[in-house]
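# Predicted model and sequence follow; I will ask about them next.
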Amino acid sequence: MNTADIRVEKGHAEPEEVAAITAVLLARAAAQPSTTSPAHRGRAKAGWRRLEREPGFRAPHSWHA
């Protein structure tokens, strides 16, 4: 199978131009970020409760948050 990994959708690119953009994309993909902190710090547990896991009956004198 002879399919290209990078394809020009519109216009015409010379092989040197395709090679240049490929080199830039590979260099950016291989670059390590300067900080190692995660981009998103999510919660470990959901902030809501799932009602199907709650018991069906609660005593009238009990308080539940």
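That came through fine.

# where does this structure dip in pLDDT?
Judged by pLDDT under 70, the chain has its weakly predicted residues at 1-3, 34-41, 43, 46-47, 55, 64-65.

# in it, which spans are helices?
Ranges of helices in the chain, per DSSP state H, are 15-30.

# tell me the strands in it, going along the chain?
For the chain, no strands turn up when DSSP state E is the criterion.

# Okay, the residue lying closest to residue 8 once chain neighbours are set aside and residue 9: tell me how far apart.
Nearest residue to residue 8, sequence neighbours excluded (CB to CB, 6 or more residues apart in numbering): residue 18, at 7.2 Å. (Glycine included, C-beta is placed from N, CA and C.) For residue 18, the distance to residue 9 equals 12 Å [CB to CB, to the nearest Å].

# out of the two, which sits in the busier spot?
Counted by other CB atoms under 10 Å, residue 18 and residue 9 do not tie: residue 18 has more neighbours, with 15 against 4.

# how close does the more buried one get to residue 42?
From residue 18 across to residue 42, the span is 39 Å (CB to CB).

# do the same with residue 61
Residue 61 is 37 Å from residue 42, by CB to CB.

# now swap in residue 9 and tell me
Separation of residue 9 from residue 42 (CB to CB): 36 Å.
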